[in-house]
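A.B. asks: sequence first, predicted coordinates after that:
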Amino acid sequence: MTPFNYFLMPVRDKVKSSSADAEDDEGADSSTNSGRDWRRSSTTNQPTTDTSSFSVSPDVDPQTSKLPCHEETPGASESSEKMVATLSYGDTETHAYTIWRHLRTSPNSDEQLQVDNMLDGLDILGARDKPAYCRLVQRLAERILPYCLDCIREYHKPRLKQDGASSNSHVPLDQKSYNVIRLIWIMCLYTPALNRITNSVYELYPSLTYLLHKCHRRLRRMTAGTCDSSTSGGESRDTSSGSATEMTLTEENLTGFMLSILSILYNTLYSSKSYETTAIMYEAGLLKIVAVILRKTRNVTTGEICLRIMDISADYGGVAIQTVLRDLQVMRDASNLWHYMLKKNMVSKTGFQIAELISRLGETLRQGARGYAGGSGLGLSQSKCGCKEPSMRRQPLFRIQSLTNANHWCSSPLCGDSENVAGRKFRLCAKCRLCMYCSEGCQEFHWNQWHRSECTPWTYVGSTSSESAETPDENHNSPSIADSVFM
């Protein structure tokens, strides 16, 4: 069972780490669940655990303990079951519109909690009905992705303090920001959405830097005891944010927030496979924060994603990024995580994957050092310098890890054809590159009915919206199918 199936389990099926490890794990991240539900208590416990995704209590056998997935146990609550039934048999367009309407409300409103409940049901649906899940994710991406990206961009805009200095302390860790980050990670399953997210990294990475730094800083303060942590709900408040609407979060919530951001970061690097994207990540400060998280964490899932980010960064970032990783002493931190896993008897399938990641990263850094001494260019990647290709095939990190790819449907609501049924590739809208069509008739119908008002033109990396993005005019014609592009 992969560690990412752990994200799908209800909170009552997850186990908090034993307090007996507190002395060894002081300053470490929470190694329990990813905090799917903000409102559930963090005090519930069950005697089951999954050694592939987090550390376990000393009295639990890490070799025999298993955390079943949704297909195996009726772990979902009655409200979640009703939501799954609604998402399974309801209209996809209606569900997408409902989530979009609630998402646009104030950060900590009841509507945001409804979005959270719908996303909980969507997670369960992904384990039970993959075609229905993929189709709903595609429709969410077509309608909501541009708005979610705009929300993340807003976090990076500095606001003035009273003394006139700029500050980014307003970056929120609230229900809305969590829903937005969670939706972006979910929509990475839809390939055109992942391409658009990757194309926006020039504006997204600085905001993700602030969010990731704030999550990690608050986790450190919680584990150090400088933040109040209520046992009845496990809530704490960061007064440094200065936000009256800031939501109180548990350690599990913050860990889930951080895992979502790290997964989005890895997926953009995986989709891009370019030196430019890696350089943007370095300039935004994300690489340094990921190294700090790897040094402090005792969460196996967090450590694995950090190592994946460093591995792909070293591969495509060339000698320049490899030099930075050596300066950050990431191999020492990775070895410390591995020794911690051995000490806690946590070596499982995920443990051996981490061992292979550490070995591959070390080999990449050694080859980069020899290449630099031999005069290789700073932007030279492994594949260009003739180094051996990675033995472990890279895969994107989806929220439903059992899904390796998604089937695509025609975006016209009255069509319902898929690429598998049609036996051919569909074309993307030439403006937004999110909607897909099997024919010009379907594209024209969808344009006249809905897409005219929601089509957001593609904006290229490094360009501002005022320079390259056109505002859709309700009177302009539908983009021709001849101008559309294959995905």
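C.D. replies: Great, that's in hand.

A.B. asks: got the domain ranges for the protein?
C.D. replies: Domain ranges of the chain: 78-385, 419-486, per automatic domain parsing.

A.B. asks: closest to P413 out of those?
C.D. replies: With C-beta to C-beta as the measure, domain 78-385 is the member of the domains of the chain nearest P413 (5.5 Å). Heads up, the C-betas are built off the backbone N, CA and C, glycines and all.

A.B. asks: what is the neighbour count of N405?
C.D. replies: By the criterion of other C-beta atoms under 10 Å, N405 has 11 neighbours.

A.B. asks: helix, strand or coil for it?
C.D. replies: coil (DSSP: H, G, I helix; E, B strand; the rest coil).

A.B. asks: per-residue confidence at it?
C.D. replies: Looking at N405, its pLDDT stands at 75.

A.B. asks: can you check the one 4 residues further on too?
C.D. replies: Reported pLDDT at W409 in the predicted model: 90.

A.B. asks: just to revisit the earlier point, quick check: which of the domains of the chain is buried the most?
C.D. replies: Highest mean neighbour count of those: domain 78-385, a mean of 19 (counted as mean count of other C-beta atoms under 10 Å).

A.B. asks: show me where the stretch 251-400 of the chain has strands.
C.D. replies: Ranges of strands in the stretch 251-400 of the chain, per DSSP state E, counting those that start in this stretch: none exist.

A.B. asks: now the domains of the chain as JSON lines including distance to A406 and mean pLDDT?
C.D. replies: Formatted as JSON lines, the domains of the chain follow (distance: least, C-beta to C-beta, whole Å; pLDDT from 0 to 100):
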{"stretch": "domain 78-385", "distance to A406": "4", "mean pLDDT": "80"}
{"stretch": "domain 419-486", "distance to A406": "10", "mean pLDDT": "70"}
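
A.B. asks: CSV for those, including distance to P396?
C.D. replies: Shown next, in CSV, are the domains of the chain (distance: least, C-beta to C-beta, whole Å):
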stretch, distance to P396
domain 78-385, 5
domain 419-486, 18
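
A.B. asks: so which of those domains comes closest to S402?
C.D. replies: Closest among the domains of the chain, using C-beta to C-beta: domain 78-385, at 7.3 Å.

A.B. asks: so which of the domains of the chain is nearest L403?
C.D. replies: domain 78-385 (6.2 Å).

A.B. asks: distance of M281 relative to L294?
C.D. replies: The gap separating M281 from L294 is 15 Å, by C-beta to C-beta, to the nearest Å.

A.B. asks: please apply the same query to A314.
C.D. replies: Following C-beta to C-beta, the distance that separates A314 from L294 is 13 Å.

A.B. asks: repeat that for Y190.
C.D. replies: Distance, Y190 to L294, by C-beta to C-beta: 29 Å.

A.B. asks: just K431 next, same as before
C.D. replies: 40 Å.

A.B. asks: how much space is there between the closest residue in space to M436 that isn't next to it in sequence and R360?
C.D. replies: Among residues not flanking M436 along the chain, F426 sits closest, at 4.2 Å (C-beta to C-beta, 6 or more residues apart in numbering). Applying C-beta to C-beta, the value for F426 to R360 is 36 Å.

A.B. asks: what sits up against stretch 266-284?
C.D. replies: 185, 188, 194-195, 197-198, 201-202, 204-206, 208-209, 265, 287, 305, 308-309, 312-313, 316-318, 320-321, 324, 379, 381, 394-397, 461 (C-beta atoms under 8 Å, 6 or more residues apart in numbering).
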